[in-house]
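S.K.: Build the 3D model from these lines:
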Amino acid sequence: MRTKVEICGVDTSTLPVLKHEEMRELFVALQSGQEEVREQLVMGNLRLVLSIVGRFAYRGEQADDLFQVGCIGLLKSIDHFDLSHNVRFSTYAVPMIIGEIRRHLRDHHPVRVSRSLRDIAYKAMQAKEQFLTEELREPTLTDLARMTGLPQEDILFALDAIQEPMSLHEPIYSDGGDPVYMMDQLKDQSVSEDRWLTYVSIKEEVQKLDKRQQNILSKRYYYGHTQTEIAKDLGISQAQISRLEKSALKTIQEHASEKN
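M.R.: Below is the predicted model of the structure:
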C-alpha cells in the first residue's frame, strides 16, 4: 500500500513511472510536433524531481517551493533533450534540475556577496550548464576559464563566495542508526582559537592585495607552483615574481602586526 504524500497539491502516491522505451516514444512524438504528450512526460518525471528535492531538505526551504523550482528545471530538460545523444533522460535532467534549485538558493542567499563576484559566478554557472548540455559531463575549471575568458582564480573565488552556508546540523553519514552531523566533525585539538583568528585575519589581508599579487600567492601556496613556473605563466622574470611575492608577504605581515 502506497503512502499518500501531497506536495503542491499533487498526490505523489499516484504519480506514474515511465519505462525507458515509453520515455523514448513520448520524446519522439513531442519532437515531431505532438505537444499534447508534454504533460505525460512531465507527470512521468515528477518522482525524479521529488528525489532531488529531498537532497536539499536540510536547507530549511519549503519543500513546495523547491518542488516548483525543480519542475522548472524539468521543463527546461524536456524542451532541450536531444535523443541523438543516446543517453537516458534522467542522466540529462538531473544536473539541470539541481542547477535550477541551486540558482534559486543562490538568489535567496543569506550572505551578501559583491555584484562583481556574483556576475563572475553567474557567467561560470551559465557556461557550466552550456557545457553539460553539449558535452554531457561536468566541466573542469580550465573548461570554464576557456568558455568565459576569465582567470581560473577569479572563477574559483567567485563560485566559493556564493556557496550556500552549510548547516552544522546537516547529517553527513548514517548507517541506519544515529546520524553523524557536521558539528560532530569540527572539533580539532590541533587548531586553537588563536590560530583560527590568525587565519581569518590573513585571509582578509590577502583580499586587499592587487590581483597580480593574489594570483602569485594563490599559485605558490594553493596550487604549489614554483616561482619559475609562475614566471613562465605570467610572462615575467623569476626575479620579478620573487620580489612581488616578498612584497605581498611583507604587506600581510605588517598589517597583521598592526592589528596585534
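S.K.: Buried residues of the host helix or strand of Asp160, list them for me.
M.R.: Assessed by DSSP states H and E, Asp160 sits inside helix 152-161. Using 16 or more other Cβ atoms under 10 Å as the test for burial, helix 152-161 gives 152-159. Just so you know, the C-beta spots here come from the backbone N, C-alpha and C atoms, and that holds for glycine as well.
S.K.: Serialize these to a markdown table and add fields for distance to Leu244 and pLDDT.
M.R.: Output for those, formatted as a markdown table (distance: Cβ to Cβ, whole Å; pLDDT from 0 to 100):
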| residue | distance to Leu244 | pLDDT |
| --- | --- | --- |
| Gln152 | 19 | 87 |
| Glu153 | 15 | 83 |
| Asp154 | 18 | 87 |
| Ile155 | 22 | 88 |
| Leu156 | 20 | 85 |
| Phe157 | 19 | 80 |
| Ala158 | 23 | 82 |
| Leu159 | 26 | 82 |
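S.K.: Out of those residues, which is nearest to Ala124?
M.R.: For the buried residues of helix 152-161, the residue nearest Ala124 by Cβ to Cβ is Ile155; the value is 4.9 Å.
S.K.: Measure how buried Arg103 is and give me the count.
M.R.: 17 (other Cβ atoms under 10 Å).
S.K.: repeat for Lys211
M.R.: Neighbours of Lys211 under the rule other Cβ under 10 Å: 10.
S.K.: do Gly70 as well
M.R.: Gly70 has 25 nearby residues by other Cβ under 10 Å.
S.K.: Next: the one 5 residues further on.
M.R.: As a burial measure, Leu75 scores 17 neighbours (other Cβ under 10 Å).
S.K.: does the closest residue to it other than its chain neighbours belong to a helix or a strand, and which?
M.R.: Of all residues not flanking Leu75 in the chain, Val42 sits nearest, at 7.0 Å (Cβ to Cβ, 6 or more residues apart in numbering). Taking DSSP H and E as the criterion, Val42 maps to helix 38-43.
S.K.: the strands in the stretch 1-150 of the chain, which residues?
M.R.: With DSSP state E, counting those that start in this stretch as the criterion, the stretch 1-150 of the chain has strands at 6-7, 10-11.
S.K.: any idea which of those strands scores lowest on pLDDT?
M.R.: Lowest mean pLDDT within those: strand 6-7, at a mean of 57.
S.K.: three-state assignment of Lys208?
M.R.: Under the three-state scheme (DSSP: H, G, I helix; E, B strand; the rest coil), Lys208 adopts coil.
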